[in-house]
Every structure is written in structure tokens, then in C-alpha cells.
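Participant: only geometry, no sequence info:
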Ligand code: CMP
């Protein structure tokens, strides 16, 4: 079956950033997938930006802790492109809870718990489009040939 070329958003979260895991995580992407990085930025989210980005989780028990964590330090956002990019990146990341993440996944190796879980990935085409737009303008991304 042919695989659809997609874009997705990856975030290297404040825990992984502060533990100097950016290189290791990008290494996992480049060595374990066909995905290519077509955009990258390092930034620190404001509280307002984090609340907007995670608006879908507002009211959930973990929401306040999530906002505190995501604004606690710098992050790196990556735009990834390639075959089935959304699913592929989620496979490489592993489950949200590192206790449930398969061996060899980024979260099984680098996440501490369900909050401090090293990385984020979009979960569907419409969220990927919205999340990429949140961080990148069209001219920020390399147009794959
Ligand atoms: P992320 O992929 O960034 O999307 C939402 C985040 O909420 C998730 O990763 C976790 O970091 C965080 N979170 C904290 N607690 C929970 C929980 N119990 N269930 C789901 N997500 C949680």
C-alpha cells in the first residue's frame, strides 16, 4: 500500500532540552525513519501560548501541571515531512506514559513520567496542520521536491 506524504509537528520538551537530548532525539528521527526535518526553531513558550496550544486539554486534571512544565524552559519545535509522518513520528516517540512505551522508543529511553515525557507529536492530519501553523509560517518550511 502506498504511504501518504505528510507533515507533522514534533516538540522536544523542556525536560529533554535541559538534559541536552536534542541531538539524541534528532538522531533517533534520522536513523529510524525516512522523515526529514523541514523546519526547526528553539523558543520558550509564554503562558498564553501554552494555554492556546493545549486548549483542548483545559479543565483536565493534568492541565495546570502541563502548562507549568511546558513554560518552564526552552523547547525545540520541528516540522517533519515524509511517508505517514504523523503515525511514524508517534511510533518513534512511544506511548504518552513512558511506563507503557515500547522498548527503544524515545519516551521509553528519555521520559520520566506522563508529564515529563520528553516529546510531543501531532495526533491527526487536522491537528498537525493547526500545530504547524502555530509555530511556522509557510515561508519558514523547506518545500520538499
Ligand atoms: P503531549 O503529547 O504533549 O499532549 C498532552 C500532554 O499532556 C501529554 O503529552 C502529557 O505530557 C500531558 N499529560 C500529563 N498527564 C497526562 C495524562 N494523565 N494523560 C494524558 N496526557 C497527560
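Facilitator: Received the coordinates, thanks. The structure displayed is predicted, hence computed values, not measured ones.

Participant: contact partners of stretch 119-129?
Facilitator: Residues outside stretch 119-129 that contact it (C-beta atoms under 8 Å, 6 or more residues apart in numbering): 6-13, 16, 25, 85-86, 89-90, 93, 106-107, 110-111, 131-132. In short, each C-beta sits where N, CA and C put it, glycine included.

Participant: tell me the residues of the protein that contact the ligand?
Facilitator: 57, 62, 66, 96, 114, 115, 117, 120 (C-beta under 6 Å from any ligand atom).

Participant: let's go with 5 Å and repeat that
Facilitator: Within the chain, the positions adjacent to the ligand are 62, 66, 114, 115, 117, 120 by C-beta under 5 Å from any ligand atom.

Participant: tell me which of the contacts of stretch 119-129 fall in helices.
Facilitator: Secondary structure from DSSP state H places 16, 25, 85, 86, 89, 90, 93, 106, 107, 110, 131, 132 of those in helices.

Participant: roughly how far does the nearest residue to the fourth one once chain neighbours are set aside sit from the ligand?
Facilitator: Translated: residue 86. Leaving aside its sequence neighbours, residue 86 sits nearest to residue 8 (C-beta to C-beta, 6 or more residues apart in numbering; 4.6 Å). Distance of residue 8 to the ligand, computed by C-beta to the nearest ligand atom, to the nearest Å: 12 Å.
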